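Novice: With the sequence up front, the predicted model follows.
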Amino acid sequence: MSEIKIQNNRLNRWVPVIASITIQLCLGTAYIWSVFQTGIATRLFEGDNAAAGLTFAFLLGMLTVGSLVGGKLQDKFSPKPVVMGGGIILGVGFFLSSFTTSSASWMLWVTYGILGGFGMGMIYSTTIACSQKWFPDKRGFITGIIVSALGFGGVVFTPIAEILIKKFGIDGSGNLMPGVGELQTFAWLGVVFIIVCVIGSFFISNPPVGYKPEGWTPPAPKGGLIHQDFTPLEVLRTPQFYMVTLTLMLACMAGLMIIGFAKPIAIAKDLAKVAAVGVMIISIFNSLGRVFWGWASDKIGRKNTIMILLLLTASMILLVNWATGYAVFALIAIVGFSYGGFLGVFPALAADYWGSKNMGTNYGMVLLGFGAGAVASIYIAGYYKNVAIITKVVDGVTITGTDLSKMYPAFIIASIASLLGFVLILFLKPPSIKDVIEIKSLQEVVD
């Protein structure tokens with residue numbers, strides 16, 4: 001009887017994880033924005049790449065706000081209604097974005113960016129926190145698996161989006177109408193998101209209070225790390241929170257630049273016919289990086305892993321401008337692999353430092369740094385993409401292209417940001433017993 005119970009427990013804890021993976025696949029559409037960028041910029045923003053890119057920036061920025069709100073709600077109630085509500089908000093936002101017109105292009109920011117991002121965030125932090133509670137024995141690995149699904153979602157939805165864009169964006173004469181297919185694609189994606197998230201939410205729940213896997217004993221503290229559950233207010237009183245949040249902001253800038261403009265970069269490298277491959281490549285390696293580096297951080301430590309990733313990112317982003325031919329795909333893959341690592345390791349680092357009880361809210365606060373980095377990096381990349389636009393007349397036809405060398409300042413900024421993040425993480429230490437005693441004592445006085 002006891003053997004059957006153990007097997008059931010092992011099986012049951014995988015149910016919410018599998019449901020979370022399925023739902024996170026939908027969130028992967030966040031990483032295929034470059035598929036939509038050119039068409040949307042042309043149809044709705046008069047070719048302004050920075051303005052169009054703000055849609056992606058708003059989505060990621062609001063993802064962090066939604067993560068904070070969703071994390072707080074699931075900590076207080078349960079993950080099921082949060083995931084269901086987030087899925088409905090996400091789907092409705094995408095569906096409504098399909099009605100955006102050039103005379104009211106700001107509506108895309110509100111629907112796709114703000115509503116879509118907020119819904120994504122509610123789901124993102126909730127599924128991570130829930131899965132970590134079921135797998136305290138494999139926190140880094142399980143976090144990597146969950147967030148890798150988001151990265152892999154880009155692989156799933158890139159070809160789907162390309163097919164839908166061509167299906168709805170071709171006029172009667174066989175000519176492509178920029179932006180038309182993209183907007184219709186948003187509507188279809190919105191419907192899919194609502195269906196998947198609502199159904200999936202019924203399989204997501206927290207473990208019983210006091211749960212721990214059969215045969216697992218929490219390891220003894222090491223390296224100054226203590227096992228303590230911090231409330232959000234207590235987290236805000238630790239210097240580690242500000243160092244971790246700022247480092248995440250700086251670390252993600254390079255990856256977000258490449259993700260947002262992978263397709264235009266490939267086109268600029270004379271790879272127009274296979275430009276969508278660049279989007280799929282960064283999605284694949286983004287996904288693999290989350291699993292691999294999450295697993296690696298369980299072995300060599302979160303801090304060491306993040307330091308390696310920051311140095312790798314700082315160097316690789318500078319080489320994108322000089323790569324020729326298909327070599328650019330290799331660099332895109334490495335940057336995506338590193339970026340995925342950040343989003344696989346930082347949630348585990350947050351749980352290590354501040355515990356898993358209030359993980360949804362605590363990591364939601366850390367993600368505010370990610371949101372700030374997203375808005376800054378995407379706008380910077382969009383600005384330099386505008387600067388890099390060139391036009392020439394060939395046989396009486398005006399052709400528009402991109403001089404990638406003029407985007408190089410954006411890559412330099414991203415590289416410097418990664419190096420600054422390295423300096424910050426170099427001095428990062430976990431909360432000490434003394435810190436905890438002081439913070440808990442202060443909280444008691446406040447209460």
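Specialist: Looks like it arrived, so ask away.

Novice: is it true that I390 lies in a strand?
Specialist: Yes - assessed by DSSP: H, G, I helix; E, B strand; the rest coil, I390 belongs to a strand.

Novice: contacting residues for T143?
Specialist: Going by Cβ atoms under 8 Å, 6 or more residues apart in numbering, T143 touches I128, S131, Q132, R290, G294, G344, V345, P347, A348, A351. Yep, even glycine has a C-beta here, placed from its N, CA and C like the rest.

Novice: Repeat the analysis, applying 10 Å as the threshold.
Specialist: By Cβ atoms under 10 Å, 6 or more residues apart in numbering, the contact set of T143 is 128-129, 131-132, 135, 290-291, 294-295, 297-298, 343-351, 359, 363.

Novice: wait, doesn't T402 sit right on A275?
Specialist: No - T402 lies out of contact with A275 (Cβ atoms under 10 Å); the separation is 11.5 Å.

Novice: Now for those two: what residues contact both?
Specialist: Common contact partners of T402 and A275 (Cβ under 10 Å, 6+ apart): P264, I265, I267, A268, K269.

Novice: does the third one sit in a helix or strand, and which one?
Specialist: With elements delineated by DSSP states H and E, I267 resides in helix 253-268, which encompasses its position.

Novice: Spatially central residue in the protein, please.
Specialist: The residue lying closest to the centre of the chain (Cα atoms, centre = their mean) is L343, at 6.8 Å.

Novice: hang on, that residue packs against S297?
Specialist: No - with contact defined as Cβ under 10 Å, L343 does not reach S297; the gap is 11.9 Å.

Novice: Now the common contact residues for the two.
Specialist: Common neighbours of L343 and S297 (criterion: Cβ under 10 Å, 6+ apart): T143, G144.

Novice: any chance you could map the strands in the stretch 251-400 of the chain?
Specialist: 389-394, 397-402 (DSSP state E, counting those that start in this stretch).

Novice: Buried residues, the next helix or strand after the last one. List them.
Specialist: From strand 397-402 onward toward the C-terminus, using DSSP H and E, the following helix or strand is helix 408-426. When burial is assessed from 16 or more other Cβ atoms under 10 Å, helix 408-426 yields the following buried residues: 408, 410-411, 413-415, 417-418, 420-422, 424-425.

Novice: Excluding residues flanking it in the chain, which one is nearest L27?
Specialist: Using Cβ to Cβ, 6 or more residues apart in numbering and skipping the chain neighbours, the partner closest in space to L27 is L150 (4.7 Å).

Novice: just S148 next, same as before
Specialist: Nearest residue to S148 in three dimensions, chain neighbours excluded: R290, at 3.9 Å (Cβ to Cβ, 6+ apart).

Novice: who touches that neighbour in this structure?
Specialist: So R290 contacts 143-152, 337, 339-345, 347 (Cβ under 10 Å, 6+ apart).

Novice: which residues sit against stretch 155-162?
Specialist: 25-26, 28-32, 34-36, 149, 154, 164, 181-182, 185-186, 188-189, 192, 263, 276-287.

Novice: repeat that for 6 Å
Specialist: Stretch 155-162 has contacts (Cβ atoms under 6 Å, 6 or more residues apart in numbering) with L25, T29, I32, V35, T185, A276, V279, M280, S283, I284.
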